[in-house]
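Asks: here's a sequence, model it:
(one chain, ligands or ions: 1)
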Amino acid sequence: MKIIYHERFLTPYPTAGVEKPQRLKTIYQVIKDHGEIVTPVPAQPEDLLLVHTPRLLKSMASQADVHEVALLAVGGAILTASLALAGEPAFGLLRPPGHHAGPDSHWGFCFYNNMAIAIERLRRQGRIQRALILDIDLHFGDGTDRIFAAVPEVEVVNIEAATREQFLFAVKNTLQVSRQLDIIGVSAGFDTYVKDWGGLLQTEDYRQIGAWVKEAAQRDCQGRRFGLLEGGYYLPDLGKNCLAFLTGLA
Ligand SMILES: [Zn+2]
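Replies: Residues are numbered from 1 along each chain as shown. Next comes the predicted model:
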């Protein structure tokens, strides 16, 4: 397992109070010995323009402190997806998150869509044709959904459920369908946790979800799979939930 991380993700920048650098710090402490740490480089403007408008880039460029970290997070996503494509499962421990960033707008602590850029870049380079993006964050990944709305080769599945059982059933159901695929990316939010905002999942459920993703990837796309951090705000258990997911995925 490769873990993509950079200390600069801990840089404080203006955002909502809950999306604090300690989120990454606490996860890093728990997972760092469970994979090989790989350091990313910032993304280039042409990477961002694969899914975002020049207007969005311009508005982001005027917020220098956020922009620098956001570019590094996108670079981290690109590296995570490429490592997964090369055959090793990978997890991007990234900040800021990305799934609420659409073509021309962003909200919800997101600035650029890390997942969408990583997948679209592989597609445009001809390295993949088809991808499945599974979003297990508590919140609907509206940005990713809009970016790929007219792209049938990229299937975006958002899991939405009112109970733990329904959530797990929906994930299992999605992943047990065999597809023509080249890679699976998981928008991994841990705010579905029973003590977090969602109040749904137990720690062991993240391991189970990771294991289902692995099974589906081995069946459909030569095992190519990766996850990128999205939400998750209950600091005391964030690290162990993320580790459970990685244990299943590895
Ligand atoms: Zn969320």
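Asks: list the buried ones in the lowest-mean-pLDDT helix or strand in the chain?
Replies: When each helix and strand of the chain is scored by mean pLDDT, DSSP states H and E, helix 54-61 comes last, with a mean of 94. Using 16 or more other C-beta atoms under 10 Å as the test for burial, helix 54-61 gives 56, 60. Quick note: C-beta positions are derived from backbone N, CA and C, even for glycine.
Asks: ok, stretch 39-57 next?
Replies: Quick answer for stretch 39-57 (16+ other C-beta under 10 Å): 40, 42-43, 47-48, 50-52, 56.
Asks: strands along the chain, start to end?
Replies: Remark: strands assigned in the chain by DSSP state E are 2-4, 36-38, 90-92, 131-135, 154-158, 183-188, 225-229.
Asks: any chance of the ones you listed in TSV, with mean neighbour count and mean pLDDT too?
Replies: Putting these into TSV (neighbours: other C-beta atoms under 10 Å; pLDDT from 0 to 100) gives the following:
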stretch	mean neighbour count	mean pLDDT
strand 2-4	23	98
strand 36-38	14	98
strand 90-92	30	98
strand 131-135	25	98
strand 154-158	19	98
strand 183-188	28	98
strand 225-229	29	98
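Asks: can you lay out those as JSON lines showing distance to the ion?
Replies: Below are the strands of the chain laid out as JSON lines (distance: least, C-beta to the ion, whole Å):
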{"stretch": "strand 2-4", "distance to the ion": "20"}
{"stretch": "strand 36-38", "distance to the ion": "25"}
{"stretch": "strand 90-92", "distance to the ion": "16"}
{"stretch": "strand 131-135", "distance to the ion": "9"}
{"stretch": "strand 154-158", "distance to the ion": "11"}
{"stretch": "strand 183-188", "distance to the ion": "9"}
{"stretch": "strand 225-229", "distance to the ion": "11"}
